[in-house]
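J.: Need a 3D model of the following:
(one chain, ligands or ions: 1)
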Amino acid sequence: MSTTTIRRAVRASQAGLLGARQLADVVRHVAASQADWLTRVRLNPAGRWYEQLHIDDSHEVWLISWLPGQETGFHDHGGAAGAFTVVLGALLESRLVGPSASGQVIAKPIRPGAARSFGPRYIHNVRNTAVASLAVSVHAYSPPLSAMTRYELTTSGLVPLGTEAATAWSAA
Ligand SMILES: [Fe+2]
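T.: Residues are numbered from 1 along each chain as shown. Now for the predicted structure:
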């Protein structure tokens, strides 16, 4: 992808970590530069397809494609802040809001052009709920993801299932 695009987005913050709003700027800029990612989209019936578009000391950017029904499951981001935007199709983001044992799952659709950004303690599940439509999204994290913990939603709240190091997916 174009390093100019990223540099414009992060401007004065290039040397340090980016906050949620700055990451939202990054994903919006990358999304607007369609020539940098459109021909890189691939599909994988076995699971979400993803490719890292950019990484430096402060942040990383990923392109993800979602076939109908594909989802992340509940997960955190290992202490990284993040943002994502949908560039094709739509995604449904679910979060547990409130006390863990009595909280409510809130689901919000994210349509093309909308961006969601979050801080380092954020946990969510993202799914392509469409019956027949592909979804494509751009994600940014700062610092670059080092690990992610997956959770199961139970009647007692979110229960950790396990933690994956970045090597589990960056080698793909
Ligand atoms: Fe996530």
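
J.: give me the low-pLDDT residue ranges for this protein?
T.: Counting by pLDDT under 70, the chain contains low-confidence residues at 1-15, 171-172.

J.: Nearest to the spatial middle of the protein, which residue is it?
T.: Note on the chain: the residue nearest the mean C-alpha position is residue 139, at 4.2 Å, using Cα atoms, centre = their mean.

J.: Quick check, that residue in contact with residue 81.
T.: No - with contacts counted by Cβ atoms under 8 Å, residue 139 stays clear of residue 81, the gap being 11.6 Å. Every C-beta, even on glycine, is put in place using the N, C-alpha and C of the backbone.

J.: Phi and psi next, for residue 102.
T.: The phi/psi pair for residue 102 (degrees, to the nearest 10) reads phi -130, psi 10.

J.: just residue 93 next, same as before
T.: Backbone torsions of residue 93, given as degrees, to the nearest 10, read phi -100, psi 130.

J.: what about it, how many neighbours?
T.: Residues lying near residue 93 (other Cβ atoms under 10 Å) number 19.

J.: what's the distance between it and residue 117?
T.: According to Cβ to Cβ, to the nearest Å, residue 93 and residue 117 sit 12 Å apart.

J.: And residue 38, by the same measure?
T.: According to Cβ to Cβ, residue 38 and residue 117 sit 23 Å apart.

J.: which one of these two has more residues nearby?
T.: More crowded of residue 38 and residue 117, by other Cβ under 10 Å: residue 117, with 21 against 12.

J.: Quick one: list the elements packing against whichever strand or helix holds that one.
T.: Assigning secondary structure by DSSP states H and E places residue 117 in strand 115-118. On a contact count with 3 or more Cβ pairs under 8 Å, 6 or more residues apart in numbering; DSSP states H and E, strand 115-118 meets helix 20-32, strand 81-88.
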